[in-house]
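Enquirer: okay, sequence plus prediction incoming.
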Number of protein chains: 2
Amino acid sequence: MLPKKHPRKKSLEIRHKLVKGLKEGLVTQAGLIAHGRGEAFDYLLGEMTKPDAKKAEEAAVALMLLAEKPVISVNGNAAALCAKDLVKLALLTDSSLEVNLFYRSKEREGKIAKELKKAGATRVYGAAGKPKRLQGISSARRMIDRPLWESDAVLVPLEDGDRTEALVAAGKKVIAIDLNPLSRTARKATITIVDNITRAIANMNLIAKKLSKLEKNRLKTIADSFNNKTNLKSAERLIRKGL
Amino acid sequence: MLPKKHPRKKSLEIRHKLVKGLKEGLVTQAGLIAHGRGEAFDYLLGEMTKPDAKKAEEAAVALMLLAEKPVISVNGNAAALCAKDLVKLALLTDSSLEVNLFYRSKEREGKIAKELKKAGATRVYGAAGKPKRLQGISSARRMIDRPLWESDAVLVPLEDGDRTEALVAAGKKVIAIDLNPLSRTARKATITIVDNITRAIANMNLIAKKLSKLEKNRLKTIADSFNNKTNLKSAERLIRKGL
């Protein structure tokens, strides 16, 4: 048990969720390392959602609401950290949920799908469905299910650079959540949210409730006025200053 | 299996070594997360050995060659990542090898010693030997074996601040490898190498081959002309400014 007033309580609780996820087979050990890297960047950001990130979250929600067939792609860390909020966001933005893993195993894929269903999802897609082959990517992640194949916008929290690049090359708008503004994922995505995934998805749910009342042209203005390059530069400056 | 051309192959291979180390009982879960934190700083450095780091590596090798009784202190992550290169450096600089762990267990200590022996070490010291008590430190790491007790210089890759401080207070010259130039370890050490441990130890082996041919007064000039404070400031500037 953590002391109630521990100054890093939230951060440690998140770690505990991942360690639990590891025990349950949702998360891999490499996923813990990836999380450690994120923690360091988050620390340098002051562990809070910066105005730039908020702007990216708004643009991302606008993009998802405008999309014909949006998809939310979930990996092990994402499921362990915020399955409920991801399912909620899928409902609010009418997105399909799919599981896609860098270290793929049918067993882990099944466990993550189960976790999402426990959190309220009615249907979860994945490479175990009717996979199609994404071009320009060599890992197991190239196999994707129909909804993602047909989608025009996809939210990929905690994605790797290869797949981000391949999805963009396939003509999709890609929204990434990545605390490292220098990563390939961050640079390749259409919209990059430099924020902790747990804060980002919770914020996006609040934003989605508001934006879903707006007309399409208003949403379009929000999405179009966002510049990913400028936004990333600004996040990088904040992190380097935060050292 | 990683795709051959994955652009982050090296970084991922390092991760895999740690995951293997965890399975084998050399590494702890906390060690995985600590490694992730290092990855973030390495990213900000552009994942390469900077000229300042090279200078620190040269000064460190000179110091080790000049020392009467140098010691290399090894923890779980160090053993999992570069046991062979550490043993090679011990041979080239005539250093004793010792195991010292933050999360200490006799079993893990034994496994790490075994890993070093598999990599060619003939003798490995550790707290399980004839421990003496280092002053000013409260964790299990205060127990140290004779060679370290008697040593005048010690290389502590991936060390914590407490022990670095205690070793310096005990009159030893301490060489640390730490990707965070602001850490207590970095600030307390005699020489801090701000570099990834795998690159640093490999570089130090190349440097040791060259420097071991030099006379003592030449080595002394190299070691004495190094200023840790200035060097750390420079590393910090690099990270803050970016590339």
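Expert: Everything's here; your move. Numbering: from 1, shown residues only, chains lettered A, B, ... in the order given.
Enquirer: what is the longest helix of chain A by residue count?
Expert: helix A:76-93 (DSSP state H).
Enquirer: please name every helix or strand in contact with that helix.
Expert: The helices and strands touching helix A:76-93, judged by 3 or more C-beta pairs under 8 Å, 6 or more residues apart in numbering or on different chains; DSSP states H and E, are helix A:9-24, helix A:29-44, helix A:51-66, strand A:70-74, strand A:96-99, helix A:106-118, strand A:153-157, helix A:197-211. Quick note: C-beta positions are derived from backbone N, CA and C, even for glycine.
Enquirer: quick one: buried residues of the shortest one?
Expert: Spelled out, it's strand A:96-99. For strand A:96-99, burial by neighbour count (16 or more other C-beta atoms under 10 Å in any protein chain shown) applies to A:96, A:97, A:98, A:99.
Enquirer: who's in contact with residue A:231?
Expert: A:52, A:55, A:56, A:192, A:194 (C-beta atoms under 8 Å, 6 or more residues apart in numbering or on different chains).
Enquirer: how big is the angle separating the helix or strand that contains it from helix A:29-44?
Expert: Here residue A:231, judged by DSSP states H and E, is contained in helix A:228-242. With axes from the mean of the first three to the mean of the last three C-alpha atoms, to 10 degrees as the basis, helix A:228-242 and helix A:29-44 are set at 80 degrees to each other.
Enquirer: buried residues in helix A:228-242, which are they?
Expert: A:228, A:231, A:232, A:234, A:235, A:236, A:238, A:239, A:240.
Enquirer: how close does residue A:230 get to chain B?
Expert: 16 Å (C-beta to the nearest C-beta, to the nearest Å).
Enquirer: same question but for residue A:126, I mixed them up
Expert: Residue A:126 is 21 Å from chain B, by C-beta to the nearest C-beta.
Enquirer: just the pLDDT at that residue, thanks.
Expert: The confidence metric pLDDT takes the value 85 at residue A:126.
Enquirer: return the member of the buried residues of helix A:228-242 nearest to chain B.
Expert: Chain B has its nearest neighbour among the buried residues of helix A:228-242 in residue A:240, at 4.7 Å by C-beta to the nearest C-beta.
Enquirer: now the closest one: closest residue in space that isn't a chain neighbour?
Expert: Computed as C-beta to C-beta, 6 or more residues apart in numbering or on different chains, the closest residue to residue A:240 that is not its neighbour in sequence is residue B:240, at 4.7 Å.
Enquirer: report the distance from the helix holding residue A:231 to the chain centre.
Expert: Centre-to-centre, helix A:228-242 and its host chain are 19 Å apart (C-alpha atoms, centre = their mean, to the nearest Å).
Enquirer: tell me what angle the longest helix of chain A forms with strand A:70-74.
Expert: With the same axes, to 10 degrees applied, the angle from helix A:76-93 to strand A:70-74 works out at 160 degrees.
Enquirer: please save the CA atoms from helix A:76-93 in PDB.
Expert: Only the C-alpha atoms of helix A:76-93 are listed here, as PDB (Å, rounded to 0.1, in the frame of the first residue of the first chain):
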ATOM      1  CA  GLY A  76      -1.100  -4.300 -23.800                       C
ATOM      2  CA  ASN A  77       0.000  -1.200 -21.900                       C
ATOM      3  CA  ALA A  78      -3.000   0.800 -23.100                       C
ATOM      4  CA  ALA A  79      -5.400  -2.000 -22.000                       C
ATOM      5  CA  ALA A  80      -3.700  -2.300 -18.600                       C
ATOM      6  CA  LEU A  81      -3.700   1.400 -17.900                       C
ATOM      7  CA  CYS A  82      -7.100   2.600 -19.200                       C
ATOM      8  CA  ALA A  83      -9.400   0.000 -20.700                       C
ATOM      9  CA  LYS A  84     -12.500   1.600 -19.400                       C
ATOM     10  CA  ASP A  85     -11.700   5.100 -20.700                       C
ATOM     11  CA  LEU A  86     -10.800   3.600 -24.100                       C
ATOM     12  CA  VAL A  87     -14.100   1.800 -24.400                       C
ATOM     13  CA  LYS A  88     -15.900   5.000 -23.300                       C
ATOM     14  CA  LEU A  89     -14.000   7.000 -26.000                       C
ATOM     15  CA  ALA A  90     -15.000   4.400 -28.600                       C
ATOM     16  CA  LEU A  91     -18.600   4.900 -27.700                       C
ATOM     17  CA  LEU A  92     -18.500   8.700 -27.700                       C
ATOM     18  CA  THR A  93     -16.700   8.800 -31.100                       C
END
